[in-house]
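**Student:** I'd like to go over a predicted model; first the sequence, then the structure.
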Amino acid sequence: MPIIGKKLSPYALLSISGLLATSDQAVKWLMQQSMAYGETVSVTPFFNWVHLWNTGSAFSLFADGGGWQRSFFIGIVVVVSIF
């Protein structure tokens, strides 16, 4: 059943968003439990799965920011979600 051209209720969209966020956190937790930090697993000849931490935003932008960036980005997400 294609959903193109049909409106989804806000509750359906919120449920999809919650499911995606929960799935994302579950995969991160599973990888943290099953792989050592810095470990690399070859998936294909051109794709490797590597356990590393990104302490900043995209590509470690603001990594030396002292922690303010987390609250800043959470605030942006809350404002955008309410809007």
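**Tutor:** All right, it came through fine.

**Student:** now do the strands in the chain.
**Tutor:** Taking DSSP state E, the strands of the chain run over residues 40-44, 47-50.

**Student:** for residue 22, which of these is the nearest?
**Tutor:** Across these, residue 22 has its closest neighbour in strand 47-50 (20.5 Å, C-beta to C-beta). Any C-beta I mention is one placed from the backbone N, CA and C, and that applies to glycine too.

**Student:** just the helices in the protein please.
**Tutor:** Remark: helices assigned in the chain by DSSP state H are 10-34, 68-82.

**Student:** so what's the gap between the first one and the chain middle?
**Tutor:** Pointing back at helix 10-34 there. Helix 10-34 sits 8 Å away from the centroid of its parent chain (C-alpha atoms, centre = their mean, to the nearest Å).

**Student:** stretch 8-16 now?
**Tutor:** 19 Å.

**Student:** report the mean confidence score over that stretch.
**Tutor:** Across stretch 8-16, pLDDT averages out at 87.

**Student:** for stretch 49-63, same thing?
**Tutor:** On average, stretch 49-63 scores 73.

**Student:** do stretch 24-41 as well
**Tutor:** Average pLDDT, stretch 24-41: 92.

**Student:** show residues contacting that stretch.
**Tutor:** 48-53 (C-beta atoms under 8 Å, 6 or more residues apart in numbering).

**Student:** tell me the spacing between residue 51 and residue 10.
**Tutor:** Residue 51 sits 36 Å away from residue 10, taking C-beta to C-beta, to the nearest Å as the criterion.
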